[in-house]
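> build me a model:
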Amino acid sequence: MSERRLTPSAAELGAFAVGAVGLLLCLAGPGAGTRGGYASYLSAYLFWTGLSLGCLAVTMLHHLVGGEWGLVTRRLLQAGTRTLPLMALLFLPLLFGLSTLYPWAASPATIASEGARAYLSRPFFLFRAAAYFASWIALAFWVPRWSSRLEDADDPRLAQRLRVLCAWGLVVYGLTTFYSAVDWILSLEPGWTSTVYGMIVMVGQGLSALALVTAVAGALSSRPPLSEALTAPRLNDLGNLLLTFVMLWAYVAFSQYLIIWSGDLPRETSWVLNRTRPGWDKVALILIFFHFAVPFLLLLFRRVKRSRAALAAVAGGLVAIHALDVFWRVRPSSEPGALAFHWPDATAPLALGGFWVGAYLFQLRRHPPRPLPQVRHA
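Residues are numbered from 1 along each chain as shown. All right, here's what the predicted structure looks like:
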């Protein structure tokens, strides 16, 4: 499979077509232009962009800590990382709905603090968004580029430069992801603040990205080179990493709830109350069981972690349930009250998912997985 072949395949064209139709239905269908419609688009956007950023973060983490699990999934992670320029383009529809989606953009007077008003001014908001995407796309360009060069030739100096880049890249990723979470999610409810929310977002991105590539590796494991590379010990390593991320997600999510519960302040408890109203409370229970309890129990079993089909099924379920988690965190901000589904709730994930999957498949075909001996020194 050549990396120079750039003609889109039928699967890629089909995914892009689904994305285009979904985007048309989202922007022109019922609910388009409303706050709920923009919130649906934002929740879908954050999920799919989170997959790209999670792939970037896990890639950089592997270059620092090593491990054969990363050699098996490296090209799968890099394909997700390379979708970031597309996600930057898909951010543009949100700019047309700033005043509809964010209360501070419609009426700065709703923010009591003068410092917060200056921070959430429209020009500064746009400048920060541009800085986030510039840093992410730069890392998404250089990290895979240097990694691919190491796969072709062992170069200790380049390997050291790549480790330094990944070390600083993780710092940049942490800062930009934290502040983008403040800008794009917390500012939906300007009166509510959380110092742990950025960590929740980062852990969720890492978990969903690792789960995605584990599921993709399982789906491709019947064909070389993954059929030889995806051995039981390496599957076990991936399963252990998934288990670690599941526990870390539960820890930071519960920490936020515990802080809000112990403080018992109206401006903080309102966030939890909005997400435990009729309908939303059922979603919260689903997340407790299927984002933590069920995968935690399954991943304790060695047999599950060493089975390609079982581990891929658990990983695929984690990707799907994390999409629901993002929806639960974002969507109630636009419509406090009982859960009510709207047209964009279905079309926005379809649109963004079609574009993301099409771009992912395209990048994966351009840069397919290599036999493990060719990347062992990288």
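> what segments of the stretch 151-300 of the chain are helices?
156-184, 197-219, 226-229, 232-263, 266-274, 280-287, 294-298 (DSSP state H, counting those that start in this stretch).
> could those helices be laid out in a markdown table, adding mean pLDDT?
Listed next are those as a markdown table, based on pLDDT from 0 to 100:
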| stretch | mean pLDDT |
| --- | --- |
| helix 156-184 | 95 |
| helix 197-219 | 96 |
| helix 226-229 | 88 |
| helix 232-263 | 93 |
| helix 266-274 | 85 |
| helix 280-287 | 95 |
| helix 294-298 | 97 |
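> those: which one's closest to residue 8?
Among the helices of the stretch 151-300 of the chain, the nearest to residue 8 by C-beta to C-beta is helix 197-219 (18.5 Å). No exception for glycine: its C-beta is placed from N, CA and C like everyone else's.
> now the closest one: how far from the chain's centre is it?
With C-alpha atoms, centre = their mean, to the nearest Å as the basis, helix 197-219 stands 7 Å off its chain's centre.
> what's that helix packed up against?
Applying 3 or more C-beta pairs under 8 Å, 6 or more residues apart in numbering; DSSP states H and E, one finds that helix 197-219 makes contact with helix 35-65, helix 68-81, helix 156-184, helix 232-263, helix 308-330.
> next, the angle helix 35-65 makes with that helix.
Orientation check (axes from the mean of the first three to the mean of the last three C-alpha atoms, to 10 degrees): helix 197-219 against helix 35-65 gives 70 degrees.
> pull out the buried positions in helix 197-219.
The neighbour-count check on helix 197-219 (16 or more other C-beta atoms under 10 Å) flags 197-218 as buried.
> next: stretch 310-317.
So for stretch 310-317, counting by 16+ other C-beta under 10 Å, buried means 310-312, 314-317.
> stretch 64-81 now?
For stretch 64-81, a neighbour-count test (16+ other C-beta under 10 Å) marks 69-81 as buried.
> center of the protein - which residue?
The residue lying closest to the centre of the chain (C-alpha atoms, centre = their mean) is residue 50, at 1.8 Å.
> looking at it, that one is touching residue 203, isn't it?
No: distance between residue 50 and residue 203: 10.6 Å, which falls outside the contact criterion (C-beta atoms under 8 Å).
> if we can go back for a sec, who wins for proximity to residue 95 among the helices of the stretch 151-300 of the chain?
Taking these one by one with C-beta to C-beta, helix 156-184 is closest: 11.7 Å.
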